[in-house]
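Engineer: how would this look folded up:
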Amino acid sequence: MSEGPLPRAAIPPDISVWDPLLRLTHWSFPLLIPAMWWTAETGKWGLHKRLGLVLLGLLVFRIVWGFAGPQTVRFGQFVKGPRAVRAYLRGDTGEGARTIGHSPLGGWSTVVLLGAMLLQASLGLFAGDPFDGTTGPLNGLVGTRLADAITDLHEAFFWAIAGLVALHLAAITFYAAKGDDLLSPMVGGSIPPVAGVAGIGAVPWAKGVIAAALAAGLALWLAYGAPPLT
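Structural biologist: Okay, the predicted model is just below:
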């Protein structure tokens, strides 16, 4: 006699890995970076600057969320030392150890990419030539010669970010070929159940709202040229 399907209560739930705020921020980056390249190439500078401030706000949110968010987004959870990275590259992850979130190598990849985008957005605050009518909101705080140097670096450094993005995509493809799907959890937020592994639990939405408000407030303050607060 064949057994019927398991009752719904007996089916283990999927494991929550990435919270909605992290996923929304993550998927904003591959939209903003090409858009900023296009606006720069076509001379749509007003839109370029607005998108740059949005990018900066998202990066600030991600940094704050890296200290206040759920387990998998916290820097303290996925930024590991050289020994852990070497062990991961050797395939030595510890007997019976099963974790969710970034691997030690993936954690450093995330930090480098976030740092590169933050540097690029920060350079854009000071870049531009006032005689061309195209300047970042903090351009007036630096001299013309320094602004020119920052502008050149801002333009050239984009290709470093493009290279990091290409490397990121190559890593995703490599792991997919090995049967390790990194993309689906970042879309849906969860993975199938794994014995002995718990999810991230409840999302601290109040902290998320505060982090978003701080990031938006900083971006708006910079948009107005960082006026004195008193």
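
Engineer: Look up how far R86 lies from the residue nearest the centre of the chain.
Structural biologist: Residue closest to the average C-alpha location in the chain (Cα atoms, centre = their mean): H26, at 5.0 Å. For H26, the distance to R86 equals 27 Å [Cβ to Cβ, to the nearest Å]. C-beta: built from backbone N, CA, C; applies to glycine.

Engineer: got the buried residues for the helix or strand containing G115?
Structural biologist: In this assignment (DSSP states H and E), G115 forms part of helix 104-126. Using 16 or more other Cβ atoms under 10 Å as the test for burial, helix 104-126 gives 104, 106-110, 113-114, 116-126.

Engineer: Please name every helix or strand in contact with that helix.
Structural biologist: Applying 3 or more Cβ pairs under 8 Å, 6 or more residues apart in numbering; DSSP states H and E, we find helix 104-126 packed against helix 45-68, helix 75-78, helix 82-90, helix 144-177.

Engineer: Try it again at 6 Å.
Structural biologist: helix 45-68, helix 82-90, helix 144-177 (3 or more Cβ pairs under 6 Å, 6 or more residues apart in numbering; DSSP states H and E).

Engineer: Throw those into TSV and include distance to G188, thanks.
Structural biologist: Shown next, in TSV, are those (distance: least, Cβ to Cβ, whole Å):
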stretch	distance to G188
helix 45-68	19
helix 82-90	25
helix 144-177	15
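
Engineer: Out of these, which gets nearest to G136?
Structural biologist: Checking the helices and strands packed on helix 104-126 against G136 by Cβ to Cβ gives helix 45-68 as the closest, at 6.8 Å.

Engineer: what helices or strands is the closest one leaning on?
Structural biologist: For helix 45-68, the packing partners by 3+ Cβ pairs under 6 Å, 6+ apart are helix 20-41, helix 104-126, helix 205-223.
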